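Visitor: Quick one, fold the following:
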Amino acid sequence: MTSGGDAPGMNPAVRAVVRAALHKKFDVYAIYEGYKGMVAGGDYIRKMTWKDVGGILNKGGTVIGSARSETYRDDEETRRKAVYNLITLGIDALVVIGGDGSLTGANVLRVEWARHVDILTKEGKIKKNLAEKYPSIFITGLVGSIDNDMCGTDMTIGADTALFRITEAVDAIMSTAASHQRTFVIKVMGRNCGYLAIMAGLACGADYVFVPEDPPEPGIWEKKMCDLLKAGRKAGRRDSIVIMAEGACDTKGNRIGSTYVKKVLKEQLKEDVRITILGHVQRGGVPSSYDRYMTTMLGCETIERIEESTVSDEPLLIGVKENDIIARPLMECVADTRSIRGLINEGKYQTVMDMRGGGFNEAYDTLNVMINTLPNQPKPGQKPLRIAVLHAGAPSAGMNTAAATAIRIGLEQGHIMLGVQNGFRGLIKGNKKGNIREMTWQSVSGWGNMGGAELGISRDSPKKKEYYAISRQIEENKIDAILMIGGWSGYEVMYNIYSKRETFPAFDIPMVCLPAAINNNLPGSERSVGADTALNNIVEAIDKIRQSAVASNRCFVVEVMGRYCGFLALASGIATGAERVYLHEEGVTLKGIVKDLDNLRTGFDGGSRLGLIIRNERASKSYDTAFLTSLFGEEGRDDFKARSAILGHIQQGGDPSPFDRILAIRLARRCVDHLVQACSSEHKPISFIGMQKGKVRFFDMARWPGMIDKKFQRPKDQWWMEYRPLAKKMAEPPK
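Guide: Numbers count the residues shown, from 1 in each chain. This next block holds a predicted model:
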């Protein structure tokens, strides 16, 4: 059942639960209209088949409906009706997709179950043997909440999509604000959690942000906010953006409304101020790729837990810890979540921040740096370092965000930041060609939400003699450290620089690589900047392809990028419900193609109106996209036609997703701190940064285990390959 407020991603969760349960040979029911349907019974509780959940992956909201029921919450006799309906259908496990209120309501049912069964037995409404067979009910909870306000999970269902809606809206508003030199006050959801406000502020480059976890002092924040915005205007900004969570208040507990904020700004700034309340647009629309594939994983794990558990076991919350699916005691998570509201009312804000977790705090700290309009002055006696920033490799959305963050963080710390145009090629040509220039705070204004790479890139590796030119430019420009933001070719060049240190002493400075590649194939990191944007581009394109395919009974073979890494193919396959995914890691066999063809025929014979095959561009040299399309088209005969779609460079374009913006900001800030610290140490490492299991780490190239025979090796073990069986399970009906 889905209950409470709807959230994008609920439908993928419903689909995953139903199909995973059918693979276990379970009987699975959908309760329509939440607790209202549970109480009403009858047609509100329906047995589900494989086809019942087909075609819902890309739909927003919840197809089985949601409704709040005050009667269920307040009346024990009403809950007894729900127990009767469940027990007479033989239901012994309940999957609730909703917020803390919905999850609490399910636990109340579990706690009262035995008493209700006893009364129903005495009243003769159920037989004694049925009562003995179902002494309790096992409950699992999936958190559907765009606010991302539940303890025990890093992300709730719908939060990523909601952040998408907010950033799209704020990006659009910023262009209007800049055109008219206006200030906008934008209110986002988040009654007791500032996640959406903080992340939107980071992703969009807001000038001021209000969150419930860190309320401002009354009578003081007004001047502080206006001074920041005035400084921005003086520095050349044409727009000012204030983002506030709907639960914003001051330290005295007084609510801060958007109308009051507008009044303060208008009186002190003497300019036009507008209010935009985004409201329920944040809940609506198709779910993002993350809210499809990660939620699918949650639904499948839920069924695994149900199979392993008994009705006497404590309820579980199935959540996410970075890229891992985890289980936590449900009511502990609910209790912690509800305690935060009381702690805010009591003014224990630091405790609340601690409960939100390290990632939340780090993001908020970075936001407070980024909203500064101009950098601070260097500390007395501090030597300003000269840090160069450049790109290398293929374009990747988020490169601009990372560069802008690094430059502003460096400037804020009192250092000189150099922008190198056209990557290593620009470094070779040097500043005589204008390829190396000092960057200012405002020179990167607006970069944060832009796709592409304003500094330009280079993909070709320098020739042997050109490393001398790089060495000379490092010396002539007195470069103390280098930050390379890019992909595999950039990593290889940095490794070559490391290997030539004995020949060129100028290379003995700290350098670090920040992973930015849509292929998500870089060492030391589970995530690369740009991969999430590329994945969303793919999913958006395939959604349109599916509409075309349904209209004309077609099978589409869609080729996606990734080179020797199948992340984009596999994740997009899960997110779009592809019948088959071909990966470089597995290869393609004739036997497998024949089986896939048989499955396609069976599907179309059974009433399917489309087929979807996703192929990694390097899955096979022989069985390429054209071959597969011709084969499937020839063998489809009258059942279906086959067409191909090679998505190409649209996967590299577009404005970065909120996920990629936030990841780029997080990694760039750490990189600058790392370089500054390394400059004062005896060891000058050439490193690469990565995020593994939620923790950011630096890896010294000299100690990287992937270096074999002095060759920088691609990583072979990938976390996402663990979910390969899941893609097959969701695509192939049980026999």
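Visitor: pLDDT weak spots in the stretch 151-300 of the chain?
Guide: Per-residue confidence for the stretch 151-300 of the chain (pLDDT under 70) gives no ranges below the cut-off.
Visitor: quick one, strands of it?
Guide: Along the stretch 151-300 of the chain, counting by DSSP state E, counting those that start in this stretch, strands occupy 183-188, 208-210, 240-245, 273-277.
Visitor: Can you lay out these as TSV showing distance to residue 464?
Guide: (Each C-beta comes from the backbone N, C-alpha and C, glycine too.) As requested, those are exported to TSV (distance: least, CB to CB, whole Å):
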stretch	distance to residue 464
strand 183-188	53
strand 208-210	50
strand 240-245	49
strand 273-277	56
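Visitor: Could you give the average pLDDT over stretch 310-317?
Guide: Looking at stretch 310-317 alone, the average pLDDT works out to 92.
Visitor: Quick check, residue 98 in contact with residue 66.
Guide: Yes. Contact between residue 98 and residue 66 holds when scored by CB atoms under 8 Å: they sit 7.4 Å apart.
Visitor: and residue 644, backbone torsions?
Guide: The phi/psi pair for residue 644 (degrees, to the nearest 10) reads phi -120, psi 160.
Visitor: what's across from it in the sheet?
Guide: Residue 644 forms beta bridges with residue 557, as assigned by DSSP bridges.
Visitor: Does residue 568 touch residue 562 like I think?
Guide: Yes. Counting by CB under 8 Å, residue 568 does reach residue 562; the two are 4.5 Å apart.
Visitor: Identify the contacts common to these two.
Guide: In terms of CB atoms under 8 Å, 6 or more residues apart in numbering, residue 568 and residue 562 are both contacted by the residues 518-520, 616.
Visitor: Residue 465: which of those is nearest?
Guide: In terms of CB to CB, no member of the shared contacts of residue 568 and residue 562 lies closer to residue 465 than residue 519, at 30.0 Å.
Visitor: got the contact list for that closest one?
Guide: Residue 519 is in contact with 487-488, 528, 531, 561-563, 565, 567-568, counting by CB under 8 Å, 6+ apart.
Visitor: Can you find the helix or strand in the protein with the smallest mean pLDDT?
Guide: Of the helices and strands making up the chain, the lowest-confidence element is strand 707-708, at a mean of 51, by mean pLDDT, DSSP states H and E.
Visitor: Rebuild the strands of the stretch 151-300 of the chain as TSV, extending it with distance to residue 148 and mean neighbour count.
Guide: Supplementary listing: the strands of the stretch 151-300 of the chain in TSV, determined by distance: least, CB to CB, whole Å; neighbours: other CB atoms under 10 Å:
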stretch	distance to residue 148	mean neighbour count
strand 183-188	12	25
strand 208-210	16	26
strand 240-245	12	27
strand 273-277	19	15
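Visitor: For PyMOL, write the select line for the buried members of the contacts of residue 519.
Guide: In PyMOL, the members of the contacts of residue 519 classed as buried (16 or more other CB atoms under 10 Å) are selected with the following command:
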select buried, resi 487+488+528+531+561+562+563+565+567+568
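Visitor: Could you pull out the strands in the stretch 451-600 of the chain for me?
Guide: Taking DSSP E, counting those that start in this stretch as the criterion, the stretch 451-600 of the chain carries its strands at 481-486, 511-515, 554-560, 580-582.
Visitor: any idea how far the closest residue to residue 255 other than its chain neighbours is from residue 211?
Guide: The shortest distance from residue 255 to any residue that is not its chain neighbour, by CB to CB, 6 or more residues apart in numbering, is 5.1 Å, and that residue is residue 249. Counting by CB to CB, to the nearest Å, the gap from residue 249 to residue 211 is 10 Å.
Visitor: okay, those two: which has more neighbours?
Guide: Comparing residue 249 with residue 211 by other CB atoms under 10 Å, the one with more neighbours is residue 211, at 26 against 18.
Visitor: Run through the residues that contact the closest residue in space to that one that isn't next to it in sequence.
Guide: The spatial neighbour of residue 211 that comes closest, neighbours along the chain excluded (CB to CB, 6+ apart), is residue 194 at 2.7 Å. With contact taken as CB under 8 Å, 6+ apart, residue 194 is in contact with 209-214, 245, 247, 364.
Visitor: Distance check, residue 194 against residue 202.
Guide: In this structure, residue 194 and residue 202 are 12 Å apart, going by CB to CB.
Visitor: Equivalent analysis for residue 598, please.
Guide: From residue 598 over to residue 202 (counting by CB to CB), the distance is 49 Å.
Visitor: what does the domain assignment say about the protein?
Guide: Residue ranges for the domains of the chain, per automatic domain parsing: 10-157+287-322, 159-282, 386-528+663-704, 531-654+723-731.
Visitor: Output the contacts of residue 194 as a markdown table; include the columns distance to residue 296.
Guide: As requested, the contacts of residue 194 are exported to a markdown table (distance: CB to CB, whole Å):
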| residue | distance to residue 296 |
| --- | --- |
| 209 | 32 |
| 210 | 35 |
| 211 | 31 |
| 212 | 31 |
| 213 | 31 |
| 214 | 35 |
| 245 | 29 |
| 247 | 31 |
| 364 | 30 |
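Visitor: Of those residues, just say which sits nearest to residue 12.
Guide: Minimum separation from residue 12 among these (CB to CB) is found for residue 245, which lies at 26.6 Å.
Visitor: quick one, what contacts the closest residue in space to residue 201 that isn't next to it in sequence?
Guide: Of all residues beyond its chain neighbours, the one nearest residue 201 is residue 209 (4.0 Å), with distances taken as CB to CB, 6+ apart. When the contact criterion is CB under 8 Å, 6+ apart, the partners of residue 209 are 194, 197-198, 201, 242-244, 367, 371.
Visitor: tell me which of those residues is nearest to residue 360?
Guide: Comparing those against residue 360 with CB to CB picks out residue 198 as the nearest, at 7.3 Å.
Visitor: Next, count neighbours for the closest one.
Guide: By other CB under 10 Å, the burial measure for residue 198, its neighbour count, is 27.
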